[in-house]
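Asker: here is a sequence with its predicted model. Questions after.
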Amino acid sequence: MQLTRQTDYAMRAVLYLATSPLASIRQIAEAQSVPQEYLAKILQKLAKEGIVTTHRGVGGGVSLARAPEKISMLDVIEAIEGRVALNRCLIHPRECPREKFCPMHDELDRIGSSLASMFAKVNFARMARDEAAKVGARF
C-alpha cells in the first residue's frame with residue numbers, strides 16, 4: 001500500500017497549519033514545496049470534510065477547523081482517499097463473486113481495520129511537536 005501524492009500533500013498542509021493558526025495557500029505551498037494550484041484543490045477537499053476552514057478577503061487564508069490534537073492521520077487519509085481498504089472487494093463487496101468463501105477477504109479486512117486504527121492514533125499536534133524537536137535538534 002502506498003498513499004497518493006495528494007494525501008501526502010494534504011498531510012503536509014495540515015501539519016503546517018498545526019503550527020500556523022492562519023496561512024495563505026501560497027505560504028503553505030512554498031513551505032511544503034507543493035504546487036499552489038494543486039494544493040488549492042486539496043484544501044477544498046479538506047474543507048469539505050471539516051478539517052480546514054477557508055477565510056476569504058484581505059487577511060484571509062486557511063486554518064484548521066479543529067484543534068490539531070483532534071485531527072488524525074486517518075481523518076486526512078479518508079478525506080482524500082476514502083475509507084482505508086486494501087482491496088477493491090472491500091470497497092465494493094458485491095462485485096466479487098468470491099466474497100462469501102474467500103479467506104483473503106476476511107484477512108485483508110482485518111489488516112485494513114488494524115491499519116486504520118493505527119492511523120487514527122496519530123494526531124497532528126503530536127507530529128508538530130515531533131517535527132519541532134527534530135528541527136531544533138538540527139541546529
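Answerer: It's in.
Asker: low-confidence ranges in this protein?
Answerer: Within the chain, the stretches with pLDDT under 70 are 1, 90-93, 99, 137-139.
Asker: now do the helices in it.
Answerer: 5-19, 25-32, 36-48, 73-81, 88-91, 103-120, 124-138 (DSSP state H).
Asker: enumerate the positions of the first one that are buried.
Answerer: Put plainly, it is helix 5-19. Neighbour counts using 16 or more other C-beta atoms under 10 Å place 6-18 of helix 5-19 among the buried residues. (Each C-beta comes from the backbone N, C-alpha and C, glycine too.)
Asker: what about the spatially most central residue of the chain, distance to P103?
Answerer: If you average the C-alpha coordinates of the chain and look for the closest C-alpha using C-alpha atoms, centre = their mean, you land on V76, 2.3 Å from that point. When distances are taken as C-beta to C-beta, to the nearest Å, V76 and P103 turn out to be 32 Å apart.
Asker: V34 too?
Answerer: When C-beta to C-beta is applied, the distance between V34 and P103 equals 41 Å.
Asker: and these two? which has more neighbours close in?
Answerer: Neighbour comparison, V34 and P103: the larger count goes to V34, with 22 against 8 (by other C-beta atoms under 10 Å).
Asker: isn't that one right up against R26?
Answerer: No. Between V34 and R26 no contact is recorded; they are 10.6 Å apart, counting by C-beta atoms under 8 Å.
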